[in-house]
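Engineer: Provided below are the primary sequence and the corresponding predicted coordinates.
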Amino acid sequence: MCSTDVRHPPCCPQLYTHEVPAEASQSDLMHMAAAADKFELRRVSAACIAKLAQLPADELDWDTVVWAFSPPDGIAALDSCGTLQQQASGQLQHVLGDLEVALQDAATCQRLVQLPHAGLLALLRDPGTRVAAEGTAVAAVALWVAVQERMGASLTLEQRRELASHIRMVQLPFTYLGTVLPHIEWLQGVITAQHIVLVTAAKGMPAGYAQHLVRLGIITDGADRAEWREWLGSARPQSSRQGVSVSVAVPATELNERGTHGTSEAWESPEPVLFGGYELGVCVELNMDRTFGASMLLHAIGSAPANPGLSNPAVAWEGDLACVVDGNVSCRRCIKGVWQIGTGLPNFFRHRVDMSAGWQPERLAPFLHDGKLTIELRVSQLLP
């Protein structure tokens with residue numbers, strides 16, 4: 001295939017014969033379409049796009065999927081470009097449709113944050129996009145916005161508003177609405193305190209009642225009815241990722257060393273785990289009275305530090321705290337409730353390993369696995 005440099009169109013005779021080479025790759029077709037559009041050869045660009053649009057969704061290269069959502073203006077107006085975008089949406093859903101899973105894998109997450117604005121909108125609009133909680137959709141946009149800004153792109157208020165209009169606000173947990181949403185940076189100037197109050201009220205209404213109030217025009221408060229219909233939309237399909245676990249393992253030698261010298265120390269899980277729009281971790285602390293305490297490490301993805309008068313981010317969740325002994329979970333403690341950043345969790349050690357009378361390393365033996373004290377925190381679900 002000859003070069004398609006738009007500065008030298010004569011080297012592409014197909015641009016003038018209106019022929020599309022049968023052996024042209026997807027990349028060739030995109031370059032030919034762009035070159036033809038540059039020189040207003042509409043029939044050629046339309047033929048190239050039509051050929052791409054004939055391909056099954058699962059045969060589209062990822063570069064083609066991305067390009068389909070950010071073509072030149074002349075190509076975007078073609079009917080065949082709309083067909084190509086429909087095919088690209090199918091591949092988009094196949095690769096990124098389970099947002100909970102997509103955010104866990106570095107390579108897949110990289111694809112998400114490199115989508116053009118229209119591609120991310122298509123993913124949010126798609127009724128098949130899955131999450132463990134709606135906070136995951138907010139987090140996905142936050143990560144995408146952060147990358148755009150790091151690359152020097154400036155998102156307009158209208159672009160952020162378009163993204164926000166496809167978040168199903170009423171599906172966010174009460175704790176998220178009250179303690180996280182006010183701090184989400186990309187929503188600043190888009191979602192007001194009044195919006196949050198109305199969404200919170202809508203969560204407590206009978207099914208369909210809030211939508212009825214929107215149709216009557218009673219609920220608007222600066223947002224149009226179309227936005228409110230989206231904000232009050234039903235829950236997305238559930239992610240295949242049901243629950244997460246995070247753990248911290250502390251070598252008994254470190255515990256003995258610090259316990260013997262009476263020093264207080266905390267050990268944190270090495271990497272946070274993303275789930276439902278939060279980064280979760282667990283911390284184990286050797287307290288001065290030689291008892292052990294565990295606390296949750298918590299950060300809402302995309303949130304700025306709390307402002308004076310606003311609560312720190314919190315999460316309502318159900319799960320358990322456990323000690324891993326000889327490869328098996330032991331001393332399991334079921335937990336259900338609301339926790340803020342760094343808040344202590346119910347502690348199953350306090351009544352079993354009381355070292356207040358002096359450090360006694362042998363008392364740790366029943367709680368060790370491979371010479372380590374391993375504490376596991378499992379979150380099975382986020383509460384509404």
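Structural biologist: That came in fine, so what should we check first?
Engineer: sketch out the helices for the stretch 251-384 of the chain, chain order is fine.
Structural biologist: Secondary structure of the stretch 251-384 of the chain (DSSP state H, counting those that start in this stretch): helices at 252-260.
Engineer: try the stretch 1-150 of the chain
Structural biologist: Ranges of helices in the stretch 1-150 of the chain, per DSSP H, counting those that start in this stretch, are 14-17, 26-38, 42-53, 62-68, 73-76, 79-96, 99-102, 106-113, 117-125, 135-150.
Engineer: domain map for the protein?
Structural biologist: 1-96, 98-106+113-240, 244-382 (automatic domain parsing).
Engineer: can I get those in a markdown table with mean pLDDT and mean neighbour count?
Structural biologist: (Glycine included, C-beta is placed from N, CA and C.) Below are the domains of the chain laid out as a markdown table (pLDDT from 0 to 100; neighbours: other C-beta atoms under 10 Å):
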| stretch | mean pLDDT | mean neighbour count |
| --- | --- | --- |
| domain 1-96 | 78 | 17 |
| domain 98-106+113-240 | 90 | 18 |
| domain 244-382 | 81 | 17 |
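Engineer: Pro206 and Met169: what is the separation?
Structural biologist: Distance, Pro206 to Met169, using C-beta to C-beta, to the nearest Å: 18 Å.
Engineer: nearest to Gln340, of the helices of the stretch 1-150 of the chain?
Structural biologist: With C-beta to C-beta as the criterion, Gln340 lies closest to helix 135-150 of those, at 15.7 Å.
Engineer: which helices and strands does that closest one pack with?
Structural biologist: helix 99-102, helix 106-113, helix 117-125 (3 or more C-beta pairs under 8 Å, 6 or more residues apart in numbering; DSSP states H and E).
Engineer: what distance do you get for the residue nearest to Gly259 when sequence neighbours are not counted to Phe367?
Structural biologist: Closest residue to Gly259 apart from its sequence neighbours, by C-beta to C-beta, 6 or more residues apart in numbering: Trp359 at 4.0 Å. As judged by C-beta to C-beta, Trp359 and Phe367 stand 15 Å apart.
Engineer: with Ala153 instead?
Structural biologist: 51 Å.
Engineer: the nearest residue to Leu172 once chain neighbours are set aside and Pro56, how far apart?
Structural biologist: Using C-beta to C-beta, 6+ apart and skipping the chain neighbours, the partner closest in space to Leu172 is Glu134 (5.0 Å). Using C-beta to C-beta, Glu134 is found at 31 Å from Pro56.
Engineer: you'd agree Gly135 is up against Phe275?
Structural biologist: No. The pair Gly135 / Phe275 is not scored as a contact, 9.0 Å apart, by C-beta atoms under 8 Å.
Engineer: can you pull up the most central residue in the chain?
Structural biologist: The centroid of the chain falls nearest to Ala140 when counting by C-alpha atoms, centre = their mean (3.3 Å).
Engineer: go ahead and confirm that one touches Leu99.
Structural biologist: Yes. Between Ala140 and Leu99 there is a contact under C-beta under 8 Å: 5.3 Å.
Engineer: what do the two both touch?
Structural biologist: Both Ala140 and Leu99 are contacted by Leu123, under the criterion C-beta atoms under 8 Å, 6 or more residues apart in numbering.
Engineer: helix or strand: which one has Ser240?
Structural biologist: Using DSSP states H and E, Ser240 falls within no helix or strand.
Engineer: quick one: contacts for it?
Structural biologist: So Ser240 contacts Asp98, Glu100, Val101, Arg130 (C-beta under 8 Å, 6+ apart).
Engineer: and the last one, bridged to which residues?
Structural biologist: Arg130 has the following beta-bridge partners by DSSP bridges: Asp98.
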